[in-house]
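Visitor: One predicted model, sequence on top.
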Amino acid sequence: MPYRQNRARRGARPRSAPLALAALLLAVLASLLGAGPAQAAEDGNTIVGTLVNSAEGNTPVEGVEINVTTADGQEYTGTSGPDGKFSVEVPGEGGQVTVELVVDTLPEGVELRTEDNVREVTLLPNQTLPLAFPIGPDTRHVETTWDRLPGLVYSGALFGLIIALASLGLSMIFGTTGLTNFAHGELVTFGAVVAYYLNTSAGIPFVWAAVITVALAAVFGWVQDFGLWRPLRHRGTGLIAMMIVSIGLMFLLKNVFQYFTEGRLLNYQEYLTPAGHDAGGLFTYTDRDIAIAGTCIVVLLAVILGLSYTRLGRATRAVADNPALASATGINVDRVVSVVWIIGTALAALAGVFLGFQLGVTFQIGQLVLLLLFSAVCVGGLGSVWGALVGSLIIGVLIDLSTLVIPSDLKNAGALLLLVLILLFRPQGIMGRRERIG
């Protein structure tokens with residue numbers, strides 16, 4: 001309605017008003033077009049640079065001539081000043097030019113780093129183009145493989161701790177239900193997307209947004225089990241059929257997340273660019289990294305120790321070993337499985353919250369990490385909680401170290417190769433037991 005009202009008001013104006021406005025715009029455009037060539041001819045183009053000698057502590061090199069030759073043969077010359085800076089103005093609208101440092105004008109004992117004293121460049125209209133002519137030996141520090149190694153181990157271990165959260169949840173669900181849940185990656189995406197909207201749209205501080213996200217994920221895990229997986233279990237649905245259901249759920253959730261994120265790469269409002277700290281020259285870390293790593297370690301140890309020493313943990317292990325026998329001894333199997341779904345979904349969501357910093361908030365987070373989660377669980381040992389942690393750390397460090405020998409775009413291939421080798425030579429995993437398979 002407001003649009004129609006405004007259009008109606010514009011229609012009520014005299015016809016001379018649009019004509020006058022059009023004439024004014026044409027006049028302004030004509031003045032700009034008329035001033036354009038004159039301004040371009042006045043400003044011209046400039047080749048600039050600074051000559052320093054790395055052999056003498058990057059001291060300026062004075063009195064060196066720089067010749068610029070245009071395509072039509074016009075030559076323009078500049079000379080470096082006491083500060084080593086030179087500037088050569090090239091009138092016209094630019095184009096292909098040749099820039100030459102006259103080697104004979106170099107001071108005695110000063111030499112170019114290479115024999116490349118002539119450059120072919122293209123000048124754009126009104127462009128100031130900087131050029132560098134390195135003089136003296138190369139004093140830059142070239143990073144070697146050994147220099148990169150500590151930083152890659154650090155970043156890989158941090159990534160491994162994060163995916164260990166999701167791997168532990170996946171391992172718990174598999175251990176108690178036998179379900180290979182292909183939708184587990186979308187539970188990771190759930191954490192990142194919900195935390196993003198709580199932090200940005202709702203304006204909740206990130207720490208509280210993360211806490212609320214984990215709580216909502218726990219509720220989501222209970223809803224999944226109560227509304228989908230428990231009815232399928234009671235109906236006697238086979239594991240293959242339930243796995244296919246999880247694949248359908250994966251595609252459903254992925255499309256829902258794509259709708260809400262509009263397929264864009266999003267970012268939180270806080271802690272995006274924390275200050276880096278030097279770790280003895282080995283690598284750089286941030287306070288955010290330390291907080292994430294500390295949180296992961298505390299949560300992982302709390303869950304693992306809880307499964308080992310609490311009454312609920314003993315019941316969970318009993319259900320994982322033999323659900324029928326556990327039920328016969330008075331354990332409420334459905335309640336235990338529901339708790340496992342709650343904890344597993346909450347862990348996956350917390351991993352998603354942290355991965356939102358490393359990968360960005362995108363609907364594809366689950367797709368990016370799902371195979372890594374399966375690899376970590378299989379490498380560590382199917383159904384083994386400690387194995388999920390060990391396998392995740394191995395996978396995290398491996399994929400980062402693999403960038404030393406292969407392109408970073410292929411780094412996940414190393415994790416999949418390790419998965420193949422584990423399945424060939426030790427299918428129960430590093431910390432798994434043979435009786436868990438089959």
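Guide: Everything's here; your move. Since this is a predicted model, take the numbers as computed values, not measurements.

Visitor: Going by C-alpha atoms from here, please, whenever you check contacts or count neighbours.
Guide: Noted.

Visitor: Could I get the full set of helices for the stretch 1-150 of the chain?
Guide: Counting by DSSP state H, counting those that start in this stretch, the stretch 1-150 of the chain has these helices, from start to end: 2-12, 16-43, 145-177.

Visitor: low-scoring stretches of the stretch 51-200 of the chain, by residue?
Guide: 138-145 (pLDDT under 70).

Visitor: err, the stretch 301-438 of the chain, not the other one
Guide: Judged by pLDDT under 70, the stretches of the stretch 301-438 of the chain that qualify are 432-438.

Visitor: That one: strands as residue ranges?
Guide: Assigned strands in the stretch 301-438 of the chain: none (criterion: DSSP state E, counting those that start in this stretch).

Visitor: ok, now the stretch 101-250 of the chain?
Guide: 118-123, 128-130.

Visitor: for the shortest one, packing partners?
Guide: When contacts are defined as 3 or more CA pairs under 8 Å, 6 or more residues apart in numbering; DSSP states H and E, strand 128-130 packs onto strand 45-50.

Visitor: Next, the angle from the strand it packs on to strand 118-123.
Guide: Relative orientation of strand 45-50 and strand 118-123, computed by axes from the mean of the first three to the mean of the last three CA atoms, to 10 degrees: 130 degrees.

Visitor: average pLDDT for strand 45-50?
Guide: Across strand 45-50, pLDDT averages out at 89.

Visitor: For residue 260, which of the strands of the stretch 101-250 of the chain is the nearest?
Guide: strand 128-130 (43.7 Å; CA to CA).

Visitor: can you give me how far the closest one is from the chain middle?
Guide: When distances are taken as CA atoms, centre = their mean, to the nearest Å, strand 128-130 is centred 33 Å away from the chain's centroid.

Visitor: Same check on stretch 361-381?
Guide: 15 Å.

Visitor: same question, stretch 267-279
Guide: For stretch 267-279, the distance to the chain centre is 13 Å (CA atoms, centre = their mean).

Visitor: Span of that stretch from start to end?
Guide: Separation of the first and last residues of stretch 267-279 by CA to CA, to the nearest Å is 27 Å.

Visitor: Now that stretch: buried residues?
Guide: 267-268 (16 or more other CA atoms under 10 Å).

Visitor: got the contact list for it?
Guide: The list of residues contacting stretch 267-279 from outside it, by CA atoms under 8 Å, 6 or more residues apart in numbering, reads 196, 199-200, 205-206, 284-288, 356-357, 360-361.

Visitor: and if you look at stretch 119-130?
Guide: 40, 43-49, 92-100.

Visitor: Let's see that with 6 Å instead.
Guide: 44-49, 93-99 (CA atoms under 6 Å, 6 or more residues apart in numbering).

Visitor: and what of stretch 158-167?
Guide: Here stretch 158-167 has contacts from 347-348, 351, 373, 388-389, 392-393, 396, using CA under 6 Å, 6+ apart.

Visitor: one step back: now, which of the contacts of stretch 119-130 sits nearest residue 184?
Guide: residue 49 (55.2 Å).

Visitor: ok, the closest one - contacts?
Guide: 85-86, 130-132 are the contacts of residue 49 under CA under 6 Å, 6+ apart.

Visitor: What separation do you get for it and residue 174?
Guide: Taking CA to CA, one finds residue 49 at 63 Å from residue 174.

Visitor: mind putting the strands of the stretch 101-250 of the chain in JSON lines, distance to residue 305 included?
Guide: Formatted as JSON lines, the strands of the stretch 101-250 of the chain follow (distance: least, CA to CA, whole Å):
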{"stretch": "strand 118-123", "distance to residue 305": "65"}
{"stretch": "strand 128-130", "distance to residue 305": "61"}
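
Visitor: so can I have JSON lines of those strands showing mean neighbour count and distance to residue 220?
Guide: Below are the strands of the stretch 101-250 of the chain laid out as JSON lines (neighbours: other CA atoms under 10 Å; distance: least, CA to CA, whole Å):
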{"stretch": "strand 118-123", "mean neighbour count": "15", "distance to residue 220": "59"}
{"stretch": "strand 128-130", "mean neighbour count": "15", "distance to residue 220": "57"}
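
Visitor: Quick check: which of those is nearest to residue 67?
Guide: strand 118-123 (9.4 Å).

Visitor: Adjacent strands (with direction) for the closest one?
Guide: strand 95-101 (antiparallel) (DSSP bridges).

Visitor: For the strand it pairs with, which residues meet the burial criterion?
Guide: 97-101.

Visitor: before we move on, the earlier item: nearest to residue 410 among the contacts of stretch 267-279?
Guide: Looking across the contacts of stretch 267-279 and measuring by CA to CA, the closest to residue 410 is residue 360, at 19.1 Å.
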